[in-house]
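Student: Please find the sequence and the predicted model below.
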Amino acid sequence: MRVLGIEGTAWAASAAVYDESDESVFIESDPYQPESGGIHPREAAEHMGEAIPAVIDRVLAHAAETTDSDAADSTDSDAADSTDSDAADSTDSDAADSTDSDAADSTDSDAESANRYDIDCVAFSQGPGLGPCLRTVGTAARAAAQALDVPLVGVNHMVAHLEIGRHESDFDSPVCLNASGANAHLLGYHNGRYRILGETMDTGVGNALDKFTRHIGWSHPGGPKVEEAAKDGELIDLPYVVKGMDFSFSGIMSAAKDAADEGEAIEDICFSLQEHIFGMLTEVAERALSLTGTDELVLGGGVGQNARLQSMLETMCEERGATFYAPDNRFLRDNAGMIAVLGAKQFAAGQTLAIENSQVDPNFRPDEVAVAWRENEASVARGHGVESAAASPSRQRGAEAIVDPVGPADAAFDLPGRSVRKHRLSKSYRHPDLDATLTRERTAAEARLTAEARAAGVPTPLVWDVDRERATIHLQHVGDADLAERLTTEAVATAGRHLAAIHDAGLVHGDPTTRNIRVGDRVWLIDFGLGFHTGHIEDHAMDLHVLRQSIAATADDPDSLLEAVIDGYTAAGDPAVVDRLVTVADRGRYQ
Ligand SMILES: C[C@@H](O)[C@H](NC(=O)OP(=O)(O)OC[C@H]1O[C@@H](n2cnc3c(N)ncnc32)[C@H](O)[C@@H]1O)C(=O)O
Ligand SMILES: [Fe+2]
């Protein structure tokens, strides 16, 4: 099977031919480079209108050259001819026109053109992306499909960023970290969909870097320039914000701009941006591996080309015995090869589009896609429960810490019931100074907030001892299992009620996933390391969002559980927090 792929969601006008028989992917791209500032949607769309027909012609010329001789017979009027002239045409002429006129031209032309290139379908980026760009590219794709007389396949750009890594790595069911321009999220396959395990609560990771470089007067795209400048930098202090598996870049970006305005060395800011932002992405990726029990991670998206990000992810995976795969750079940045490869899978699964249903969607979310090409496959959470702190008294390793049971002989004095010693691991993927600060702060926060939450009436473990130097806490052992393994409406409603109680007392948990809640004769909140004091409705809503998201990401039938969380919360808490939840949940969605 051969697929013509077309990409043009923002900056890359790109076409590709993927040949399934030899797995070859031939890509031609023509990037849009803004004269000043960031990407201007209208200018970018004009670029698409000019460049897309030309890159299509170039890959079709290649397709014609590599067609089997039988099929090539029908190719007297060689493809290269038409390529040259089309390319020339479209360059002179005006953007929008060239798309239309090419469409018209090629529709009239030879019906057997499909055989000439041996193309079976045309796959295009249907969204998300910039509306004007998507529309231009959609028109070009429809025209090409009609000219070649083959079906059209609509591809979600984000799912394509993920699938190219899975395809190349041959991983079974990995967690995917997508680090691209307009987005940043963790995805895992579960029951016919890609679920969003965590995501940015504000801007995409590439856009965040690009905004900073724009602020200091550097041309677009800024990401590669940050990487270059970072080579000579040293660590300065910037905000580091993760909330469960979600994260936020707005605080760190304004701090970086302020630092530049105050005359801080640019290379130090660039270095520190990388250390903080990529540290955050690596931390949440590790948390997602831990939560799902998966041992495969793939990287996708343009920021994925960054060597420091790749090395952090590689180190993190190595340390926990997981395998990491990053595709070649040509497949990480926006490119039509990934669109063609996923297009082939969708085509084989029967996912073609009638022209009248092929409109583009600038807000197309990855979890809206029916993943028909993986219908009978294992969910990402196949090793579920592997790492849980089960009832049996043995060493448990979580994303962040090792928890050891403490025998009576180890305890300084006789304690009522069982206890555990929790040791926060130092993370060698992180800059040592940043790592030391985070470890110290989290150990202190955990000890303090665990006690404060109990004072607010919520079951939490008693804290027997804290050793800040060694980042170790000696705690009461609580519960029989993690909530992740006993997801009942009753238990999650109680968890919702507990969150309401701590919020009422002026603190948030910061990471209330189903692995940080223990169940037994009661429902206990544990691991307050990311907690802090706050009276903001926004922060309270975020806590509730993290709990609901961790349920939604792993439960087979999450709806009633999600409702129960809200019921529990409403029974004890501020209804304004529940109202705010909608805004918080939508925050990370494509801006
Ligand atoms: C919706 C779609 O249009 C969008 N795609 C996109 O933004 O292009 P992509 O190729 O995935 O990523 C581009 C981003 O990747 C950053 N980037 C490229 N090379 C980089 C590097 N070496 N280090 C850091 N960032 C880098 C650029 O600065 C830019 O922000 C997306 O996937 O979100
Ligand atoms: Fe992208």
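Tutor: Right, received. Where do you want to start? Ligands and ions are numbered 1, 2, ... in the order given.
Student: Show me what stretch 547-556 is in contact with.
Tutor: Under the contact criterion Cβ atoms under 8 Å, 6 or more residues apart in numbering, stretch 547-556 has outside partners 188, 190-191, 195-198, 244-246, 291-292, 381, 384, 484, 487, 492, 495-496, 499, 512-515, 517, 558, 561-562, 565, 581, 585. Every C-beta, even on glycine, is put in place using the N, C-alpha and C of the backbone.
Student: Nearest residue to Glu227 in space, please, no chain neighbours.
Tutor: In space, Glu227 comes closest to Asn306 once its chain neighbours are excluded; the distance is 5.4 Å by Cβ to Cβ, 6 or more residues apart in numbering.
Student: Isn't the one you found up against Lys225?
Tutor: No. Taking Cβ atoms under 8 Å as the contact criterion, Asn306 and Lys225 are not neighbours in contact, 11.4 Å apart.
Student: Looking at those two, which one has more neighbours?
Tutor: More neighbours surround Asn306 than the other of Asn306 and Lys225, with 24 against 18 (other Cβ atoms under 10 Å).
Student: who touches the more buried one in this structure?
Tutor: The neighbours of Asn306, taking Cβ under 8 Å, 6+ apart as the test, are 179, 223, 227, 274, 278.
Student: gap between it and Leu332?
Tutor: Plainly put, Asn306 is 9 Å away from Leu332 if you go by Cβ to Cβ, to the nearest Å.
Student: now Arg515
Tutor: 30 Å.
Student: and whichever residue of the stretch 401-550 of the chain sits closest to ligand 2, what element?
Tutor: Closest residue of the stretch 401-550 of the chain to ligand 2, Cβ to the ion: Gln549 (22.8 Å). Under the criterion DSSP states H and E, the helix or strand holding Gln549 is helix 537-554.
Student: CA atoms only: put that helix into PDB for me.
Tutor: Provided in PDB are the C-alpha atoms of helix 537-554 (Å, rounded to 0.1, in the frame of the first residue of the first chain):
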ATOM      1  CA  ILE A 537     -10.700  28.300  44.100                       C
ATOM      2  CA  GLU A 538      -8.500  27.700  41.000                       C
ATOM      3  CA  ASP A 539      -6.000  25.600  43.000                       C
ATOM      4  CA  HIS A 540      -8.800  23.700  44.700                       C
ATOM      5  CA  ALA A 541     -10.500  23.000  41.300                       C
ATOM      6  CA  MET A 542      -7.100  21.800  40.000                       C
ATOM      7  CA  ASP A 543      -6.900  19.200  42.800                       C
ATOM      8  CA  LEU A 544     -10.300  17.900  41.900                       C
ATOM      9  CA  HIS A 545      -9.400  17.900  38.300                       C
ATOM     10  CA  VAL A 546      -6.300  15.800  38.900                       C
ATOM     11  CA  LEU A 547      -8.300  13.200  40.900                       C
ATOM     12  CA  ARG A 548     -10.900  13.000  38.100                       C
ATOM     13  CA  GLN A 549      -8.300  12.800  35.400                       C
ATOM     14  CA  SER A 550      -6.500   9.900  37.000                       C
ATOM     15  CA  ILE A 551      -9.800   8.100  37.300                       C
ATOM     16  CA  ALA A 552     -10.800   8.900  33.700                       C
ATOM     17  CA  ALA A 553      -7.400   7.800  32.400                       C
ATOM     18  CA  THR A 554      -7.500   4.300  33.800                       C
END
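Student: which is the next helix or strand following that helix?
Tutor: Moving toward the C-terminus from helix 537-554, the first helix or strand encountered (DSSP H and E) is helix 559-572.
Student: Show which residues not belonging to that following helix make contact with it.
Tutor: Under the contact criterion Cβ under 8 Å, 6+ apart, helix 559-572 has outside partners 487, 489-490, 492-497, 499-501, 504, 544, 547-548, 551-552, 555, 577-578, 581.
Student: Inside helices: which ones of those?
Tutor: 489-490, 492-497, 499-501, 504, 544, 547-548, 551-552, 577-578, 581 (DSSP state H).
Student: what number of residues lie near the residue of the stretch 401-550 of the chain closest to ligand 2?
Tutor: Under the neighbour criterion other Cβ under 10 Å, Gln549 is assigned a count of 23.
Student: how close does the residue nearest to Glu227 get to Ser180?
Tutor: 12 Å.
Student: same question, Ala572
Tutor: Between Ala572 and Ser180 the computed distance is 40 Å (Cβ to Cβ).
Student: The two: which is more packed in?
Tutor: When Ala572 and Ser180 are compared for neighbours, Ser180 comes out ahead with 24 against 15, by other Cβ under 10 Å.
Student: what's the spacing between the more buried one and Pro432?
Tutor: Distance from Ser180 to Pro432, by Cβ to Cβ: 29 Å.
Student: for Asn357, same thing?
Tutor: Between Asn357 and Pro432 the distance is 54 Å, computed by Cβ to Cβ.
Student: try Asp511
Tutor: As for Asp511, its distance to Pro432 is 23 Å (criterion: Cβ to Cβ).
Student: now do Pro558
Tutor: Distance of Pro558 to Pro432, computed by Cβ to Cβ: 40 Å.
Student: For these two, indicate the residue with more neighbours.
Tutor: Just comparing Pro558 and Pro432: by other Cβ under 10 Å the higher neighbour count belongs to Pro558, 19 against 11.
Student: of the ones in helices among the contacts of helix 559-572, buried ones?
Tutor: Neighbour-count burial (16 or more other Cβ atoms under 10 Å) applied to the ones in helices among the contacts of helix 559-572 gives 492-497, 499-501, 544, 547-548, 551-552, 577-578, 581.
Student: out of the residues you listed, who's near ligand 1?
Tutor: Restricting these to those within reach of ligand 1 (Cβ under 6 Å from any ligand atom) leaves nothing.
Student: what comes into contact with the helix or strand in which Val122 is found?
Tutor: When secondary structure is defined using DSSP H and E, the element that contains Val122 is strand 121-127. In this structure, residues lying in contact with strand 121-127 by Cβ under 8 Å, 6+ apart are 3-9, 134, 137-138, 140-141, 144-145, 148, 150-157, 160, 339-340, 342-344, 346-347, 352, 358, 360-364.
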